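> Fold the stuff below for me.
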Amino acid sequence: MDAQRQEEQKHFDECRGLILKNTEKYEAEFEERHKKTQELFRMMQGGDVELYNQMMTSASLEEHAAGQLKKNRAAYENPYFGRIDYLDKESNSEERVYIGKQGIFRNKTDVVIADWRAPISSVYYENEIGEGSYRLPEEGTGDDGEGPEIPICLHLKRTYDVDKGVLKGYYDSDVAANDALLVQYLSQNKDAVLGDIIATIQKEQNEIIRESPFKNILVQGVAGSGKTTVAMHRISYILYNYKERFTSNEFCIIGGSDLLLSYITSGLPELDVHDVKQKRMDAMITYLLKKEWTKKNKLTTPLPDAEKRSRIDFILYLERWLLRLRRQTVAPKELRDRELGIVLTDSSIERLREENPEYSIYRLLVTLDERVRTRLKFLCPDGEKDYLMKKCREYKQYYKNQALQKSVCALYQDFLADYEKKFPGVIDLALHAKRAAAGEYDIYDAAAMVLIYYRVKQKKEDEEFGQIFIDEAQDFGAVIYYVLRRVLPACYFTIMGDVSQNINYETGMNDWEDMREWVLTGERDTFRLLRKSYRNTIEISEYAGKILEKASFGRYQIEPVIRHGIPVQEYREKDEKAMYQRAQEIVKNATEKGYGSIAVICADEAEAEWIGKWLEGVTILPVQMTKGLEFDVVLLWNPPAGIDSVKTAKLQYVAATRALHELHVMRME
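Numbering: from 1, shown residues only. The predicted model follows:
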């Protein structure tokens with residue numbers, strides 16, 4: 001063993017020794033604090049309520065010890081994966097930093113292993129050897145969340161290969177997680193890849209993860225580019241570095257299905273993320289309607305005219321209709337009292353309306369009532385309290401009583417009638433009226449009603465959400481995101497998608513143009529591309545790439561990581577019995593190879609149910625339900641032999657790119 005390897009082994013052993021000591025220390029501390037908290041709790045129950053503050057302090061210290069214990073236990077087998085040596089040009093000092101999944105401390109100030117989310121760790125992911133820099137986001141003073149830039153000169157970037165407490169080797173590279181180590185990780189089964197992903201975050205992924213949380217980001221990423229993983233790590237990064245600005249319950253993850261949400265959130269605890277909200281997109285939209293969405297209402301599949309209602313021009317016409325309603329309801333009409341004279345001028349009413357475009361009609365009217373009370377106090381003679389009270393009673397809720405009494409659902413029907421007059425035959429007005437009578441709406445109806453609610457009836461600004469993360473965004477029309485952006489103006493969005501995987505061809509997005517024009521409207525908002533696929537082997541990528549040419553007209557091509565596997569296997573069977581026999585054989589072989597996640601992807605739920613009667617021990621899903629998921633081995637069940645439309649191409653592209661290692665395509669003759 002050479003001297004350098006001996007030095008690395010010595011440091012590795014010392015770190016594990018320290019982690020073991022920390023674990024023993026925090027185990028004892030946790031046990032002591034737990035007993036103390038329980039004792040104080042029992043004494044409080046006995047009537048000594050003055051001990052409440054002591055108990056809360058003890059509980060907080062117990063929680064801290066538990067957190068440190070968890071971190072050190074998690075770090076013991078794999079303490080760190082990277083190292084950087086650099087000159088800090090501000091302090092003119094040479095530094096060496098080891099980087100791991102967990103931050104490990106010798107004491108309160110001595111950092112032995114830096115957390116991957118720490119500002120200095122960005123050097124490992126992004127900087128090449130030589131001149132560079134990193135930022136201190138926690139020191140940012142403005143809304144951009146970016147602090148001072150620290151100049152450095154990077155001398156060494158080292159990546160470690162650690163397996164279950166054994167230092168197997170290391171690699172020096174100009175780029176983090178060089179191809180040899182990356183391919184080694186990707187070649188493992190699905191569970192192993194998820195466990196090691198922090199060590200292999202790539203530069204283009206890291207830039208998105210560490211983007212300021214005070215901007216909206218739209219990411220177009222090809223299948224397997226790590227969009228979901230990037231979103232999960234971005235949540236963890238923001239909570240770690242901006243804990244003074246955001247709490248976890250301000251975060252909400254939105255996906256198209258419960259299955260996708262379950263897949264996303266299952267990996268969050270490992271990233272030290274807890275208590276974030278999660279909602280399907282349809283549930284989020286109806287949630288924003290508050291009490292206007294009653295128990296009698298239900299969401300149904302989109303009507304044929306949803307293709308028109310999912311487009312930006314539809315919602316822009318609604319905006320104009322609502323603006324007319326606003327001007328009619330909050331009209332600049334002078335308020336004059338027969339004894340006191342002018343209470344409010346028409347110009348002051350108009351100025352209030354025009355200077356507060358974010359106010360709903362309801363909030364404008366309530367604000368006008370507040371101004372009436374203020375003016376009455378000014379106009380009434382001093383000392384005549386009874387007269388003032390009389391006038392206040394006379395004008396109590398004078399403007400609020402003019403608020404629109406119709407429900408949001410009724411206002412939406414009024415709008416549709418107006419839209420039909422302007423654009424005859426575009427929507428099926430009679431069918432909409434019939435469905436509304438039964439309380440039935442599709443998601444694009446509901447999105448329009450959300451905008452109506454916030455423009456007409458909102459009572460106070462919605463401050464529940466600070467950060468929203470949306471996965472598989474392409475499956476919904478741009479109208480959805482326009483509405484979310486307008487009704488949650490204080491919220492920041494990270495939106496991930498791939499237009500090549502749009503399974504709702506008529507209503508979803510087949511390009512990002514409307515999003516970039518109408519949703520990313522802030523000066524600092526940004527559009528990012530992830531072109532490289534880390535999921536599939538070269539063979540699977542080439543197979544999927546041929547489909548992609550028709551799915552996206554060649555707009556976003558896959559750049560695969562160089563990882564070879566077996567060729568895509570195609571079979572032609574004479575009947576269903578032969579298909580099932582072939583599938584059983586494939587599943588048996590894959591299981592023997594050690595692959596743990598095997599999926600059969602078919603056309604629809606009915607076919608999935610039928611296949612499930614014959615095959616066991618595998619996941620069987622219709623293609624629409626596989627979005628965002630991945631499996632070691634995928635069997636495509638009798639897909640169309642030819643690609644007759646862009647819609648068909650997108651579905652086949654989604655299905656083919658679910659496979660990490662093996663793809664089998666089975667058809668009947």
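> can you give me the strands for the stretch 301-450 of the chain?
For the stretch 301-450 of the chain, the strands defined by DSSP state E, counting those that start in this stretch occupy 335-337, 341-344, 440-441.
> Single out the most deeply packed of those strands.
The highest average neighbour count among the strands of the stretch 301-450 of the chain, using mean count of other CB atoms under 10 Å, belongs to strand 440-441 at a mean of 21. (C-beta placed from N, C-alpha, C; glycine too.)
> what about the closest residue in space to S407 that isn't next to it in sequence, distance to I427?
Using CB to CB, 6 or more residues apart in numbering and skipping residues adjacent in sequence, the residue nearest S407 is E292, 6.4 Å away. Taking CB to CB, to the nearest Å as the criterion, E292 is separated from I427 by 21 Å.
> give me the low-pLDDT residue ranges for the stretch 101-250 of the chain?
By pLDDT under 70, the low-scoring segments of the stretch 101-250 of the chain are 138-145, 174-197.
> Surely I538 is in contact with E559?
No. Counting by CB atoms under 8 Å, I538 stays clear of E559, with 11.1 Å between them.
> quick one, phi/psi of C153?
Note on C153: its backbone torsions stand at phi -130, psi 110 [degrees, to the nearest 10].
> give the contact list for the closest residue to it other than its chain neighbours.
Nearest residue to C153 in three dimensions, chain neighbours excluded: L87, at 4.3 Å (CB to CB, 6+ apart). Applying CB atoms under 8 Å, 6 or more residues apart in numbering to L87 gives the contacts S93, E94, E95, I152, C153, H155.
> try N127
N127 makes contacts with I84, S133, Y134, I152, L154, K157, as judged by CB under 8 Å, 6+ apart.
> how far is the helix or strand where L636 lies from where the chain is centred?
The secondary structure element spanning L636 is strand 631-637 (assigned by DSSP states H and E). Using CA atoms, centre = their mean, to the nearest Å, the mean C-alpha position of strand 631-637 is found 26 Å from that of the whole chain.
> Alpha carbons of it, as PDB, please.
In PDB, the C-alpha atoms belonging to strand 631-637 read as follows (Å, rounded to 0.1, in the frame of the first residue of the first chain):
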ATOM      1  CA  PHE A 631     -37.800  -0.600 -12.800                       C
ATOM      2  CA  ASP A 632     -34.800  -2.800 -13.200                       C
ATOM      3  CA  VAL A 633     -36.600  -4.900 -15.800                       C
ATOM      4  CA  VAL A 634     -39.600  -3.900 -18.000                       C
ATOM      5  CA  LEU A 635     -41.800  -6.100 -20.200                       C
ATOM      6  CA  LEU A 636     -43.900  -4.200 -22.700                       C
ATOM      7  CA  TRP A 637     -47.000  -6.200 -23.300                       C
END
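> list the buried ones in that strand?
Counting neighbours by 16 or more other CB atoms under 10 Å, one finds that the buried residues in strand 631-637 are F631, D632, V633, V634, L635, L636, W637.
> Name the surrounding residues that touch it.
Outside of strand 631-637, the residues that reach it under the criterion CB under 8 Å, 6+ apart are 189-190, 579, 583, 586-587, 590, 595-603, 607, 611, 618-619, 652, 655-656, 658-666.
> Can you name the next helix or strand after that strand?
Tracing the chain C-terminally past strand 631-637 and defining elements by DSSP H and E, one meets helix 646-656 next.
> Same list (the buried residues of strand 631-637) but as TSV, adding distance to I264 and pLDDT.
What follows is the buried residues of strand 631-637, written out as TSV (distance: CB to CB, whole Å; pLDDT from 0 to 100):
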residue	distance to I264	pLDDT
F631	16	93
D632	19	93
V633	22	95
V634	20	96
L635	24	96
L636	24	94
W637	26	93
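> Just the buried subset of the contacts of strand 631-637, please.
For the contacts of strand 631-637, burial is judged from neighbour counts taken by 16+ other CB under 10 Å, and it is met by 189-190, 579, 583, 586-587, 590, 595, 597-603, 611, 618-619, 652, 655-656, 658-666.
> Which ones among these lie within strands?
For the buried ones among the contacts of strand 631-637, membership in strands holds for 598-602, 619, 659-666, with DSSP state E as the criterion.
> any idea where the strands of the stretch 1-150 of the chain begin and end?
82-88, 93-100, 104-105, 111-115, 130-135, 149-163.
> nearest to S645, of these?
Each of those was checked against S645 via CB to CB, and the shortest separation belongs to strand 149-163, namely 45.0 Å.
> Next, the angle strand 93-100 makes with the closest one.
Angle of strand 149-163 versus strand 93-100, following axes from the mean of the first three to the mean of the last three CA atoms, to 10 degrees, is 40 degrees.
> Which strands border strand 149-163, and is each parallel or antiparallel?
Strands adjacent to strand 149-163 in the sheet, as given by DSSP bridges, are strand 82-88 (antiparallel), strand 130-135 (antiparallel), strand 166-172 (antiparallel).
> buried set for it?
Going by neighbour count (16+ other CB under 10 Å), the buried part of strand 149-163 is I150, I152, C153, L154, K157, R158, T159, Y160, D161, V162.
> Tell me what the third one is bridged to.
So that's C153. Residues found in beta-bridge contact with C153 (criterion: DSSP bridges) are L87, E131.
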